[in-house]
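[1] sequence and predicted structure are below.
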2 protein chains.
Amino acid sequence: MKNTTALFKALAHQTRLRILCLLLDGEVCVCQIMAILSLPQSTASRHLAILKNAGLVEDRRDGTWAHYSLARNCSPLAGQLLEVLGEHLPHTNIGAEDCQKLSEALQKKDCA
Amino acid sequence: MKNTTALFKALAHQTRLRILCLLLDGEVCVCQIMAILSLPQSTASRHLAILKNAGLVEDRRDGTWAHYSLARNCSPLAGQLLEVLGEHLPHTNIGAEDCQKLSEALQKKDCA
DNA sequence: TACAATAATCCGGTTTTTCGGATATAGCAA
DNA sequence: TTGCTATATCCGAAAAACCGGATTATTGTA
């Protein structure tokens, strides 16, 4: 039950839901998250750490860059919640807008 | 997205998850929730108000008593989350223990 | 009407969470 | 080595959430 509560705490913040929405289509680097959500670097990093600590996302290091993606081997509950969010977040106004921005940024290849 | 965040905030507290677990088998009155979770009256009432405000539960008045149950006409997202929680909460230690206490209390018919 | 019982709301104080600038760490390049 | 970049962590302050006793509101009953 404690783990369950921790999981929902991690999801109980708009910024973190927006980050998860960005990760639905694949891994994204921190610099893109900062740019799209207009977050200070420390804030972006902290929210990502909270999601990672909850077992919702994982990171991959590539030199000085850090790429985040949805956790592949997450708990069954986390997996179900991510699935539900995957159906829902892209249909919200902010979620769709963020994903659109990410799509544009990927075409420009600002940060590969 | 704001509604989504509010929904997860409502779920991000152990007491409220325990209350939802108790409601999985049907409506429960406030006095039983107080007794089983050992909560002061104001605390129980406040958590129930948060769940109701999030659209997760609804109340039925019967004289001076208030009976709470899972919301029948909740949003699609809330419905999915309740479904996931319905599979998960009863399998947790605390959840199972609480449900057991409720079952015993209902047999004694302390508070019909 | 007066009183008892149930539950919602109020109030203040405490705890938790969040924030962003500053600092620390690690990798890459000159 | 020196410097630059990307990211994580630290720190103090601000905001939000939580708590439970006290009060209020509503209903049922004598």
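    Structure received. Bear in mind that the values here come from a model prediction, so they are computed numbers and not experimental data.

[2] show me what counts as buried in the lowest-mean-pLDDT helix or strand in chain A.
    Least confident helix or strand, chain A: helix A:93-108 with a mean of 91, by mean pLDDT, DSSP states H and E. Within helix A:93-108, the residues scored as buried using 16 or more other Cβ atoms under 10 Å in any protein chain shown are A:94-95, A:98-99, A:102, A:105. Bear in mind the C-beta positions are built from the backbone N, C-alpha and C, glycine included.

[3] which among the residues you listed gets closest to A:D59?
    Taking Cβ to Cβ as the measure, A:L102 is the one of the buried residues of helix A:93-108 closest to A:D59, at 17.4 Å.

[4] residues in contact with the closest residue to A:K2 other than its chain neighbours?
    In this structure, A:K2 finds its nearest non-sequential neighbour in B:Q14, 7.2 Å apart by Cβ to Cβ, 6 or more residues apart in numbering or on different chains. Listed by Cβ atoms under 8 Å, 6 or more residues apart in numbering or on different chains, the contact set of B:Q14 reads A:1-2, A:5, B:94.

[5] which ones, among the buried residues of helix A:93-108, also lie beside chain B?
    Contacts with chain B within the buried residues of helix A:93-108, as defined by Cβ under 8 Å from any Cβ of the partner chain: A:94-95.

[6] what sits up against the least confident helix or strand of chain A?
    Identification of contacts with helix A:93-108 by Cβ under 8 Å, 6+ apart yields A:14, A:17-18, A:21-22, A:24-25, A:28, A:32, A:35-37, A:89-90, A:111, B:1.

[7] what do you get if the cut-off is 10 Å, keeping everything else the same?
    Under the contact criterion Cβ atoms under 10 Å, 6 or more residues apart in numbering or on different chains, helix A:93-108 has outside partners A:14, A:17-26, A:28, A:31-33, A:35-37, A:85, A:88-90, A:92, A:110-112, B:1-2, B:4.

[8] for the helix or strand in which A:L7 is found, buried residues please.
    Assigned by DSSP states H and E, A:L7 belongs to helix A:2-11. Applying a neighbour-count criterion of 16+ other Cβ under 10 Å, one finds A:4-5, A:7-11 buried in helix A:2-11.
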